[in-house]
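[1] my questions concern the predicted model and sequence given below.
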Amino acid sequence: MLESVTPMLSFLGIGAQKAGTTWLYSQLRQHPQLAFPLTKEAHFWNRPHDAVGIQSYLEQFAAVPISGEITPAYAILPIEIIREIYACNPRLRLIYLIRNPIERAWSSALMALQRAEMTIDEASDAWFSDHFHSTGSVKRGDYQSCLQNWRTVFPDEQLLVLRFEQIVNEPETLLNRCFQHLGVSLYDSELLQRQGCRERVFAGLGHPLRLSLKPVLQAIYHERIDDLARYLTMDLDSWKIF
């Protein structure tokens with residue numbers, strides 16, 4: 001049993017990886033009613049932990065009424081861990097950014113390339129294909145399964161799903177949707193722009209997708225995109241022509 005601490009973890013950003021979570025963190029942390037005691041990507045829930053560790057983790061959020069953290073790896077947590085999170089705060093607010101999974105997979109592969117200290121010319125099509133088909137990459141791009149796991153435990157209205165395209169095209173609207181979801185004051189567009197909402201954060205390498213790799217990603221994700229569109233009642237056809 002957890003004792004002697006009132007859970008004050010108010011919200012989690014759960015992903016997706018390479019879908020704008022660093023930008024979201026940089027914007028939300030500027031709101032005076034929100035706090036991020038652990039900075040970005042605490043990776044607490046996706047690593048081994050026990051009751052003592054959970055209590056210590058929750059204590060980090062106890063000083064501020066509306067505080068949380070953003071860790072993209074949480075999107076693919078198993079249901080049993082999501083239930084642990086629910087036990088800490090059944091009213092927890094969740095934010096999930098989704099991005100064209102073909103584009104996301106390419107961006108993720110480029111990040112892996114950089115971490116491997118390789119240039120793009122050193123990476124063969126087979127290297128990229130292996131990365132695209134890896135369990136981690138496919139799970140991170142399977143937004144429907146992620147959402148179904150979280151919605152099995154948390155009520156739908158506590159999970160806000162936002163599209164990466166809104167960061168590019170209408171970041172002010174996206175941020176105010178987040179503020180409303182979290183129960184804090186809304187900001188006018190001019191203030192958000194002064195705070196850099198239209199500036200890129202942690203941009204990737206920017207290499208265009210190789211034409212030879214496009215069919216590989218289409219084979220992995222086209223059916224998943226169609227399924228997600230039906231699940232969310234959302235038009236996602238533009239994702240299939242990336």
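    Arrived safely. Numbers count the residues shown, from 1 in each chain.
[2] what is the biggest helix by length in the chain packed up against?
    Using DSSP state H, we find that the single longest helix of the chain is helix 214-232. Helix 214-232 is packed against helix 101-115, helix 125-133, helix 135-141, helix 143-153, with contacts defined by 3 or more Cβ pairs under 8 Å, 6 or more residues apart in numbering; DSSP states H and E. (Each C-beta comes from the backbone N, C-alpha and C, glycine too.)
[3] okay, those helices in CSV with mean neighbour count next?
    Converted to CSV, the helices and strands packed on helix 214-232 look like this (neighbours: other Cβ atoms under 10 Å):
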stretch, mean neighbour count
helix 101-115, 21
helix 125-133, 15
helix 135-141, 18
helix 143-153, 18
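[4] among those, which is nearest Met8?
    Among the helices and strands packed on helix 214-232, helix 143-153 comes nearest to Met8, with 19.7 Å by Cβ to Cβ.
[5] that closest one vs helix 101-115, what angle?
    100 degrees (axes from the mean of the first three to the mean of the last three Cα atoms, to 10 degrees).
[6] and the host helix or strand of Ile81, what's its mean pLDDT?
    Using DSSP states H and E, Ile81 sits in helix 79-88. Taken as a whole, helix 79-88 has a mean pLDDT of 97.
[7] quick revisit: and Gln17, which of the helices and strands packed on helix 214-232 is closest to it?
    Gln17 sits nearest to helix 135-141 of all these, at 5.0 Å, using Cβ to Cβ.
[8] residue contacts, Ile98?
    Shown in contact with Ile98 (Cβ atoms under 8 Å, 6 or more residues apart in numbering): Ala16, Ala19, Tyr143, Val161, Leu162, Arg163, Phe164.
[9] sorry, wrong one. I was asking about Tyr231.
    Gln144, Leu147.
[10] can you put the contacts of Ile98 in a markdown table and add distance to Gln30 and secondary structure?
    Compiled in a markdown table, these are given as follows (distance: Cβ to Cβ, whole Å; DSSP: H, G, I helix; E, B strand; the rest coil):
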| residue | distance to Gln30 | secondary structure |
| --- | --- | --- |
| Ala16 | 22 | coil |
| Ala19 | 20 | coil |
| Tyr143 | 27 | helix |
| Val161 | 23 | strand |
| Leu162 | 18 | strand |
| Arg163 | 22 | strand |
| Phe164 | 20 | helix |
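[11] what is the helix holding Ile81 packed up against?
    helix 51-59, helix 143-153.
[12] and the angle for the shortest one with helix 79-88?
    So the one you mean is helix 51-59. 50 degrees.
[13] next one: helix 51-59 to chain centre, how far?
    Here helix 51-59 is found 23 Å from its chain centre; the criterion is Cα atoms, centre = their mean, to the nearest Å.
[14] re the thing from before, pull out the buried positions in the longest helix of the chain.
    Neighbour counts using 16 or more other Cβ atoms under 10 Å place Val216, Leu217, Ile220, Tyr221, Arg224, Ile225, Leu228, Ala229 of helix 214-232 among the buried residues.
[15] give me the distance between that helix and the centre of its chain.
    Its chain's C-alpha centre and that of helix 214-232 lie 19 Å apart, by Cα atoms, centre = their mean.
[16] can you verify Ser10 is assigned to a helix?
    No: counting by DSSP: H, G, I helix; E, B strand; the rest coil, Ser10 is located in no helix; its state is strand.
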